[in-house]
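Peer 1: fold the following.
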Amino acid sequence: MSRRRLLFVLSVSAVALTPLVGQSQSAPSRATFADTIAPIVYANCVTCHRPGEAAPFSLISYEDVAKRGALIAKVTASRYMPPWHAEPGFGDFVGERRLTDAQVATIDAWVKQGMPRGDDARMPKPPAFPADGWRLGQPDLILEMPIAFDVPASGPDVFRNFVIPTKLAEDKWVRGIEFRPSARKVVHHALFAQVPGGSRANVDGVDGRPGFGGLSAVGFMDRTDPGLGGWAPGAQPAMFTEGIVSRLPKGSDFLLQVHFHPSGKVETEKSLIGIYFAENGGQKDLASVQLPAVFGLGAGIDIPPGEKQFTIKDSFTLPGDAKVYSAFAHAHYLAKQMKAEATLPDGSTRPLIWIRDWDFNWQDGYSYKKPFVLPKGTRIDVTLTYDNSSDNPRNPISPPRRAIFGEQSLDEMGTIGFEVEIVNKAEVDAFHSALASRNKMATDTAGKNGTLGRLLARGLRRNMQQLTIFDRQGNVVTRLGEVGSYSQAAFSPDGSRIVVVKNDPDTDGRDIWAFDIATGKSTAITSDAPPDSAPIWSPDGTQIAYVSDRDRTNSIYRRAANGTGAEELVYTHTSGSQLILTDWSADGRFICFWSGETMFVLPLTGERKPIELGRERGGRISPDNRLVAFNSNQSGAFQVYVKDLTEATRQTGTATAVQSTQVSNGPSVGGIFWRRDGRELLYLSLQGGQGMMAVDVLGDAPFRTGEPKLLFKLPTPVLAPAQLSSVSSADGQRFIFAVNVTPRKPAQ
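Peer 2: Okay, the predicted model is just below:
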């Protein structure tokens, strides 16, 4: 069973603080640092505000505090500090970092009185912290990232996974983990897991850097690897709640996932992890209840710009008695309020947690001081509210833009979760069945609205490729560029250049690049934040058209093929579905694309209104502009067909279907291309693996072809072949593909 979220919350929850002083509701007549302020600061501030910790300055000495006295009075009066976002009355939690009204008044009075120092003889000793840095004592096992990772100065957030061998000779049970990042300014949070030894060797270091990218290795998409907890800034290390342990198997690898948030300068991270073992294994039946499920994957998170009260709700009725240990919450920048309460079978209600002012930069776990049992039949209700307006001071985008579900910080997600023990053995199966059903429903919904496909595509782009040109026999002619993540390569009309999508596996960034085949020189055609895709060449080779996803809307742009000058907006696709360019007609009049399962041609003159050609895809226009070749599954499997383009555009919207001629005789996946003289069609086939096929065009009236013949098999499959355009040079003698390569290890 999964323990990830339970252990994450229990491991990052703050330890109980020193008893608070100044419980009376009025400030003393005269406050001094030695008598009244130092005890408050030492009990509540210096765990973070000291050298080597996450806070930006130290608050250990009188001079440290007096220098920022006015600021301290302001942020404590507003309750901005100490950071604690759970509202009073909605749960009684361990390690609550909230000053009393009397303490806040005392700080304010001290500042107004001129911040007197007081008698040094009465000054309390600052809290002592271990010299070696380990707050929980000497760990039983210390792990360190094998190679340091450089975090870029700017750009989107980076999710990076680091594989650290444990070298354990026997199974161990973990009772606590202490995490020590070296570049605290850029480490937003970390999650821990264990995986079988060597199981990530095929992805570790494939791009020449330590680790591998992506959120799904330890995050919300993964539902199998056991979790080991996590860390967030400001959280104090603590052993797991008594009786809660997690297994660390013999020979396993420790998987550390770090969410980096660039700070404005290059930072280097080389984390240390201290692990503390228990003598015996755990016997509790644990479960994590998320509302909405899977961090809101299927909750319909789609927040228009300017919307101040976007709300999602979810409910779950417990299928068995559940002992609740802790609560956690997660969202990104736009979340404002997160609230949960329980309605018991007798109709009474119990408040569970309410975060009135969510802060993406301070994500706590909340362990209840006294775990409690919610009986079978209890309904948990959760409400999450988001503010995507300019009035939200935490909105990172100005002006605001549409936000939908995604792993990047500028996307959104959201959930409130509860870590519970299933009290009765007889109810364990029903409990896990109900939770699995919720996860499946969320995944099914995300599959239907395109969310899941977008997330899975990010994972596929993490493979590494080499741009490779083949001849008609499948021999390698040349290779271009560095090993990287590429897709949708296409020859220029004169065969001298290549255009391709270059992917950044860490950030999901996608830009268009052009390569000169003779020199290998590369040029960035786009270098912007929105993901770009599906590049095609103009018939004279002077321009490149491409699709850009901006504000979650696909639009067609074109730009000079040398990367100079401004881009031009050609067309905006208002249906909301993905748009894929496949061709630019030889006469320059039309661009061909498909969206959903419908193929269109877009006139580049007049109103630029797309003309629907049918439920087809991958369209390629013949050199004489009369015919269009395409993929269709009208026969039950995708095959290559050809039909009259003029007739198709004339009859669009009518009941009469334009007759088409089948070209392929086996499963086809796209990559269709007309030879320059129109006497040969080339396409990719799925028969026995991906292979390049050729078929002679024997006649035009009626259109006739010979038997398809195999030219060569691709050494490795290529991604999204239905999106490929000019995979062949105009003479049909050379072919370009992004071929998967053997992973490379970074230098030790």
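
Peer 1: alpha carbons only for contacts and neighbour counts from here, please
Peer 2: Will do.

Peer 1: Leu627 and Val642, how far apart?
Peer 2: Leu627 sits 7 Å away from Val642, going by CA to CA, to the nearest Å.

Peer 1: hang on, isn't Phe405 packed against Leu297?
Peer 2: Yes. Using CA atoms under 8 Å, Phe405 makes contact with Leu297 at a distance of 6.6 Å.

Peer 1: may I have the phi/psi pair for Ala169?
Peer 2: Main-chain dihedrals, Ala169, degrees, to the nearest 10: phi -90, psi -10.

Peer 1: that one: what's its closest spatial neighbour, skipping adjacent residues?
Peer 2: Lys250 (5.4 Å; CA to CA, 6 or more residues apart in numbering).

Peer 1: what about Gly251, neighbour count?
Peer 2: 17 (other CA atoms under 10 Å).

Peer 1: may I ask you to confirm that it belongs to a strand?
Peer 2: No. Counting by DSSP: H, G, I helix; E, B strand; the rest coil, Gly251 falls outside a strand, being coil.

Peer 1: OK, contacts around Ile60?
Peer 2: Contacts for Ile60 (CA atoms under 8 Å, 6 or more residues apart in numbering) come out as Val41, Tyr42, Val46, His49, Arg50, Pro126.

Peer 1: max-length strand in the chain?
Peer 2: What stands out as the longest strand in the chain, according to DSSP state E, is strand 476-491.

Peer 1: other SSEs contacting that one?
Peer 2: strand 465-471, strand 497-504, strand 532-537, strand 734-740 (3 or more CA pairs under 8 Å, 6 or more residues apart in numbering; DSSP states H and E).

Peer 1: centre of the chain to that strand, how far?
Peer 2: Averaged C-alpha coordinates place strand 476-491 at 26 Å from its chain's average position (CA atoms, centre = their mean, to the nearest Å).

Peer 1: please apply the same query to stretch 504-521.
Peer 2: So, by CA atoms, centre = their mean, the centroid of stretch 504-521 is 22 Å from its chain's centroid.

Peer 1: quick one: mean pLDDT for that stretch?
Peer 2: Taken as a whole, stretch 504-521 has a mean pLDDT of 83.

Peer 1: just to revisit the earlier point, what is the burial count for the residue nearest to Ala169?
Peer 2: Lys250 has 15 neighbouring residues, counting by other CA under 10 Å.

Peer 1: same check on Thr564?
Peer 2: Thr564 is flanked by 12 other residues according to other CA under 10 Å.

Peer 1: next: Gln309.
Peer 2: 16.

Peer 1: what does Gly699 give?
Peer 2: By other CA under 10 Å, the residues close to Gly699 number 11.

Peer 1: what of Val41?
Peer 2: Per other CA under 10 Å, the neighbour tally for Val41 reads 20.

Peer 1: then it would be within a helix, right?
Peer 2: Yes. Under three-state DSSP, Val41 falls within a helix.

Peer 1: just name the most buried of the helices and strands packed on strand 476-491.
Peer 2: Mean neighbour count, computed with mean count of other CA atoms under 10 Å, is highest for strand 532-537 among these, reaching a mean of 27.

Peer 1: how distant is that strand from the center of its chain?
Peer 2: The chain centroid and the centroid of strand 532-537 are separated by 24 Å under CA atoms, centre = their mean.

Peer 1: that one to strand 476-491, inter-axis angle?
Peer 2: 100 degrees (axes from the mean of the first three to the mean of the last three CA atoms, to 10 degrees).

Peer 1: strand 532-537 packs against which elements?
Peer 2: Looks like strand 532-537 contacts strand 476-491, strand 497-504, strand 509-516, strand 543-550, strand 579-584 (3+ CA pairs under 8 Å, 6+ apart).

Peer 1: okay if I get these as CSV plus distance to Thr564?
Peer 2: CSV is the format used below for these (distance: least, CA to CA, whole Å):
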stretch, distance to Thr564
strand 476-491, 20
strand 497-504, 15
strand 509-516, 12
strand 543-550, 10
strand 579-584, 21
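
Peer 1: of all these, which one comes closest to Met115?
Peer 2: When those are compared by CA to CA, strand 509-516 sits nearest Met115, at 51.0 Å.

Peer 1: which residues does the next helix or strand after the closest one contact?
Peer 2: Note on strand 509-516: by DSSP states H and E, the next helix or strand toward the C-terminus is strand 522-524. Residues from elsewhere that reach strand 522-524 (CA under 8 Å, 6+ apart): Gly481, Asp511, Ile512, Trp513, Ala514, Phe515, Asp516, Asn562, Gly563.

Peer 1: stretch 61-73: end-to-end distance?
Peer 2: Terminal residues of stretch 61-73 lie 17 Å apart, using CA to CA.

Peer 1: can you give me the buried ones in that stretch?
Peer 2: Counting neighbours by 16 or more other CA atoms under 10 Å, one finds that the buried residues in stretch 61-73 are Tyr62, Val65, Ala66, Gly69, Ala70, Ile72, Ala73.

Peer 1: go on, stretch 538-558?
Peer 2: Residues 538-539, 541, 543-549, 552-558 are the ones in stretch 538-558 that count as buried (16+ other CA under 10 Å).

Peer 1: kindly report the same for stretch 570-577.
Peer 2: Buried residues in stretch 570-577 (16+ other CA under 10 Å): Tyr571, Thr572.

Peer 1: and for stretch 306-326?
Peer 2: 306, 308-312, 314-326.

Peer 1: any idea of the mean pLDDT for it?
Peer 2: Here the average pLDDT along stretch 306-326 is 95.

Peer 1: returning to that earlier point: of Phe405 and Leu297, which one has the most company?
Peer 2: Between Phe405 and Leu297, counting by other CA under 10 Å, Leu297 is the more crowded of the two (28 against 23).

Peer 1: how much space separates that one from Phe431?
Peer 2: As for Leu297, its distance to Phe431 is 21 Å (criterion: CA to CA).

Peer 1: over to Arg617?
Peer 2: The gap separating Arg617 from Phe431 is 44 Å, by CA to CA.

Peer 1: neighbour count for these two, which is higher?
Peer 2: Using other CA under 10 Å, the more surrounded residue of Arg617 and Phe431 is Arg617, with 29 against 18.

Peer 1: pretty sure the more buried one sits against Trp594.
Peer 2: Yes. With contacts counted by CA under 8 Å, Arg617 reaches Trp594, the gap being 5.4 Å.
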